[in-house]
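**Student:** Predicted model, plus sequence, below.
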Amino acid sequence: MQGLNTKSGSIWIDVTELFDHFRFAEHPTGVSRVVSNLADALKVDHGKIFNSVRLLFWDPVQCCPVTAEDSRLVPLSSFLPRLMALYSAAGLRRTAYSSRAMKALVTSLPRRWRYRIFPSDNGVTLFRLWTRGRGIQLSPVRFAAGDCLFVPGSFWLGRYAPHLAAQANAVGVPVTVFVHDVLLLSHPNWLPRPHSEQFRRACDVFLPACAAIICNSSYTRDELRRLVPAASHVPVYKCRLGDRSFGQTSQCIPDLVCQMLSRKYVLFVSTITPRKNHKVLVQAWRRLWREFGPSTPYLLFVGGGAPDPVLSELLVAEKAEGGRIIRISGIDDNGLEVLYEYAWMAAYPSLGEGYGIPVAEALSHGKICLAAPTGGIREIDENLIDFIDPLDPESIAAKVKIYLRDEGRYLSREAEIKQNYHSTDWSETASVVCSILERTVVDAASGASLTLGTRASAAEPR
């Protein structure tokens, strides 16, 4: 292979899961935000040895990766949020089954036949259907020497990743995967059992086929080493995720967001699932309302998902106690940027995280953040996070009281965060990722062990 200063080969980025996500959503959340931001950043700067960055997605009907070279599809952060509207304008809708029995029958079909008959059931086949007649050509991916394959998303979904890796490895193309967390192994009870079993199978089959693994925290890296012995021979690197603002704020802010801007509110950005622990904040706010009444700050939940029955009951009860808890969903990145800027504080009582981007985003905006010291959250900046006990609503209420009663202390802590927190741009994250990808290609050609140069100084191999 030629030297590092010679452009050769492509970075292939798997964005398959984004098409499923944007069948139902108009903005990225969680892992989908990481995938789209990383892909866009790598498109801008793809390092020393790659001459291009190309997107691929797995076609479950053809059983192969496909790509589309069309400028209308990038940047992903602009194109994907419009995808639902584009489908709707084309008269494409998700499949509506006549009965549960019919749905059970259809989902029992082999995926290849199911998605051929019902393309709206899969993000990629729906996208393929939409591209017809719009001048967007999809073609099979042809891996070549000097290429690398990067899988930045949920590699365990769809069950295609081992097949994708096999096709890349067959022609000597190294595979690098981003592992966001291994909570499905460390806490399998948090989701239905089939999810954990599917995740375990993917870890045991796909990860050993990779040339490198990237994690978002030392915690995730160490848990991966502990729980996935099948991948013990694969180098694992840590790479800090971006947390800076999403861009220019929108000129059209939703009414619910505008209503919040004149209020004192604590912001909790998260999909509503039991693991995220919304109910402990509801219980804490109930205590605050009893003591402070109308002076109680609002608690703002931003995110989708369906509340569990216990949380639903608490939210109903809370409406009779001042309506201080508000939930809004469907907020895009521009609206979220505004909510961060105007927040009095942020909160994140999650019971388990690989990293915790909302905590980093809150600090990046100079906001006090009350967060649980779980998973990789401490690594964001343990000196600037106000840690709380995620199982003790009384202690959370007490922490809020401190800042309510002492404005000087509040202003001092906020100033400390603004002065000392070092935020990370997505271009910096992409730079570290690119360095790892470069080395996998060099080592695939030379057979050398994976070692990083100075450009990957932020990555920590183990």
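**Tutor:** Happy to help now that I have it.

**Student:** Mind jotting down where the strands sit in the stretch 201-350 of the chain?
**Tutor:** 212-215, 236-238, 265-269, 298-302, 325-328, 345-348 (DSSP state E, counting those that start in this stretch).

**Student:** In terms of secondary structure, what does the shortest one contact?
**Tutor:** Under the contact definition 3 or more C-beta pairs under 8 Å, 6 or more residues apart in numbering; DSSP states H and E, strand 236-238 sits against strand 212-215, helix 218-227, strand 460-461. C-beta here means a position set from N, CA and C on the backbone, and glycine is covered the same way.

**Student:** And the second one, what does it pack against?
**Tutor:** It stands for helix 218-227. Partner elements for helix 218-227 (3+ C-beta pairs under 8 Å, 6+ apart): helix 183-186, strand 212-215, strand 236-238, helix 378-381.

**Student:** Quick check: which of these is buried the most?
**Tutor:** strand 212-215 (a mean of 25; mean count of other C-beta atoms under 10 Å).

**Student:** which intervals of the stretch 351-462 of the chain have sub-threshold pLDDT?
**Tutor:** 447-462 (pLDDT under 70).

**Student:** for the stretch 1-150 of the chain, same thing?
**Tutor:** For the stretch 1-150 of the chain, residues meeting the criterion pLDDT under 70 lie at 1-6.

**Student:** now the end-to-end length of stretch 224-232.
**Tutor:** Stretch 224-232 has an end-to-end distance of 9 Å (criterion: C-alpha to C-alpha, to the nearest Å).

**Student:** ok, and the closest non-adjacent residue to the residue of the chain most remote from its centre?
**Tutor:** If you look at how far each residue of the chain sits from its centre, by C-alpha atoms, centre = their mean, the farthest one is residue 291, at 37.5 Å. Distances taken as C-beta to C-beta, 6 or more residues apart in numbering place residue 401 nearest to residue 291, at 7.6 Å, with adjacent residues excluded.

**Student:** The one you found contacts residue 287, correct?
**Tutor:** No: applying C-beta atoms under 8 Å as the test, residue 401 and residue 287 come out as separate, 9.2 Å apart.

**Student:** Which of the two has more residues huddled nearby?
**Tutor:** Taking neighbours as other C-beta atoms under 10 Å, residue 401 and residue 287 compare with residue 287 leading, 17 against 14.

**Student:** Could you name the specific helix or strand carrying the nearest residue to the more buried one once chain neighbours are set aside?
**Tutor:** Spatial nearest neighbour of residue 287, chain neighbours left out: residue 397 (4.3 Å); criterion: C-beta to C-beta, 6+ apart. Per DSSP states H and E: residue 397 is located in helix 393-405.

**Student:** Now the element after that helix, going C-ward?
**Tutor:** Next along the chain after helix 393-405, taking DSSP H and E as the criterion, comes helix 407-420.

**Student:** measure residue 216 to residue 82 for me?
**Tutor:** Using C-beta to C-beta, to the nearest Å, residue 216 is found at 28 Å from residue 82.

**Student:** and what of residue 260?
**Tutor:** Taking C-beta to C-beta, one finds residue 260 at 26 Å from residue 82.

**Student:** try residue 115
**Tutor:** Plainly put, residue 115 is 23 Å away from residue 82 if you go by C-beta to C-beta.

**Student:** Pick out whichever of the two has more residues nearby.
**Tutor:** Using other C-beta under 10 Å, the more surrounded residue of residue 115 and residue 82 is residue 115, with 21 against 12.

**Student:** From the chain's centroid, how far away is stretch 84-94?
**Tutor:** Centroid separation between stretch 84-94 and its chain, computed with C-alpha atoms, centre = their mean, to the nearest Å, is 25 Å.

**Student:** Give me the buried stretch members for it, please.
**Tutor:** Neighbour-count burial for stretch 84-94 flags 87, 92 (criterion: 16 or more other C-beta atoms under 10 Å).

**Student:** cool, stretch 18-25 as well?
**Tutor:** Buried positions in stretch 18-25, judged by neighbour count with 16+ other C-beta under 10 Å: 18, 19, 20, 21, 22, 23, 25.

**Student:** I'd like those residues as CSV, with distance to residue 270 and secondary structure appended.
**Tutor:** Below are the buried residues of stretch 18-25 laid out as CSV (distance: C-beta to C-beta, whole Å; DSSP: H, G, I helix; E, B strand; the rest coil):
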residue, distance to residue 270, secondary structure
18, 20, helix
19, 23, helix
20, 20, helix
21, 16, helix
22, 20, helix
23, 21, helix
25, 15, coil
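
**Student:** Just name the closest of those to residue 87, please.
**Tutor:** Of all these, residue 87 sits closest to residue 23, with 7.7 Å by C-beta to C-beta.

**Student:** wait, what's in contact with the closest one?
**Tutor:** By C-beta atoms under 8 Å, 6 or more residues apart in numbering, the contact list for residue 23 reads 83, 84, 87, 94, 120, 123, 126.

**Student:** again, only this time at 7 Å
**Tutor:** 94, 123, 126 (C-beta atoms under 7 Å, 6 or more residues apart in numbering).

**Student:** now residue 403
**Tutor:** Contact partners of residue 403, counting by C-beta under 7 Å, 6+ apart, are 345, 368, 409, 410.
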